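>>> sequence and predicted structure are below.
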Amino acid sequence: MRINAHSEILEDILFVIYPLIILFGLYVILAGTKAPGGGFQGGAILVAVFMSRYLVFPITMEGLNFLKKLDKVILILVIVSAFVYLITGFNDTTDLFKSIYNTLMGILIGVKVGSGLTVIFYTFIDIEGGDTD
Amino acid sequence: MIEKIFYVILIIFAFFSVQTPKLRRSVVYLAVFSAVSAFTYILMGAPDAALAEAVIGSTIATVIYLAALNKYRVFMVYLTDEKRERHQEEHISRRKESILLAIENFCILRELEPQIIYTVDSVDKIKEKPGWDLIVSKNSGNYVLHGREQNYHVMALKEEWEGKQRKQVEFIIEKEHE
C-alpha cells in the first residue's frame, strides 16, 4: 500500500525543496549558539529530507548501515569532545574558544540526531517485510 | 487575550482528534494541534521549544503515524461484479451498495481504514493479488463474501453477521494451507 503512487508534481517539487530544507536545517544548527535553534532542532529538520523522500518514493533506503555506523561514531565524538573541552581547560579561555566549541557541538549533535532519527524511521518502515503493493 | 484564543483552539483540535471516527483524519487533527501548540509556545516566549514542537510534532510524528496506518490498518475490500463489463462512476457514487455501508460501519467500530476497490475481475484472479482481506462478489442480488481463516477481522465480521441472520449474504472462508 502506497501513501501515494507515482506523482510527478510531488517529485518535481521535492527536488526544488530539498536544498531549501537542507539549508534551513544547517542554518538552525549553526545559528543555534546565538538564536533559537540548535543541534537537535536542526537535525530533526534534516530528517524531514529523508521522510519526504519516503512519501514520494516509498522504498527502503540504501546506505542505512552507513548511517548506523555514523550515529555511533558521532556519539563517541560528542562524549570525547566534551571531555577534552573540560579537561584541557579551554573552558576558562576566551569567548572565541567557547563559541567554536558550541558550534562544533551543535554540528555533531545535528548529524547525530539526523542519522539516528533516519535510522529509526526506516527501521520502523522495514518491520514486517515492508509494503505490499 | 490572543493566547486564550489559541488555548481554546488547542482544546477544540484535541477534542476533534479523539472524537473523529476515521484514524487518518485524527492524525491530521493532531498535526494541526502540534502546529497551534508550537505557535502558543512562541507566544509564551519559548522559541526553542516551538521549533522542536513544529518539526517533530507536525512533521515527523505525522509521517510516522501515516506510515503506521498504511501498514496495519487498511482493510482491503474488493467488490467484484463479474457480469458487468466495467463499473460506471455514476453508479459507484450515486448508490453505494448497502453491504459496503455495513462493512464500513464494521470497520469504524474496529478502527480499520476501509479501502474499497471496484473491479470486474473474477474472484480467483483477485485472490492471486497480495493484500486482499475480503472479496465481495455480487450474484443476482445475493452477495458471496470470500475471506481467509487467518484474518481475524473477517472471522469477527462473519460471527457478527451470522448472529444478525442476514439472508442475502453467504460466507466462504478459505482454510489456511499447511
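That came in fine, so what should we check first?
>>> how about the residue in chain A positioned nearest to chain B, secondary structure?
When distances are taken as C-beta to the nearest C-beta, chain A reaches nearest to chain B at A:Pro36, 3.6 Å away. Just so you know, the C-beta spots here come from the backbone N, C-alpha and C atoms, and that holds for glycine as well. Put simply, A:Pro36 is coil when judged by DSSP: H, G, I helix; E, B strand; the rest coil.
>>> ok, A:Ser81 next?
Going by three-state DSSP: A:Ser81 is helix.
>>> and if you look at B:Met76?
Secondary structure for B:Met76, judged by three-state DSSP, is strand.
>>> near chain A, which residues of chain B show up?
With C-beta under 8 Å from any C-beta of the partner chain as the criterion, chain B meets chain A at residues B:47-48, B:50-52, B:55-56, B:59-60, B:63-64, B:66-68, B:70-71, B:74, B:115, B:130-131.
>>> give the burial count for B:Ile126, as a bare number.
By other C-beta atoms under 10 Å in any protein chain shown, 17 other residues sit near B:Ile126.
>>> swap in B:Lys127?
14.
>>> which residues touch it?
Going by C-beta atoms under 8 Å, 6 or more residues apart in numbering or on different chains, B:Lys127 touches B:135, B:146.
>>> again, only this time at 10 Å
The contact partners of B:Lys127, taken as C-beta atoms under 10 Å, 6 or more residues apart in numbering or on different chains, are B:78, B:121, B:135, B:146, B:148, B:174.
>>> for A:Leu26, same thing?
A:42, A:45-46, A:107, A:110 are the contacts of A:Leu26 under C-beta under 10 Å, 6+ apart.
>>> got the end-to-end distance for stretch B:55-63?
11 Å (C-alpha to C-alpha, to the nearest Å).
>>> next one: stretch B:105-121
This stretch, stretch B:105-121, spans 25 Å end to end (C-alpha to C-alpha).
>>> what are the buried residues along the helix or strand harbouring B:Ile173?
Secondary-structure assignment from DSSP states H and E places B:Ile173 in strand B:169-174. Neighbour-count burial for strand B:169-174, counted by 16 or more other C-beta atoms under 10 Å in any protein chain shown, picks out B:169, B:171.
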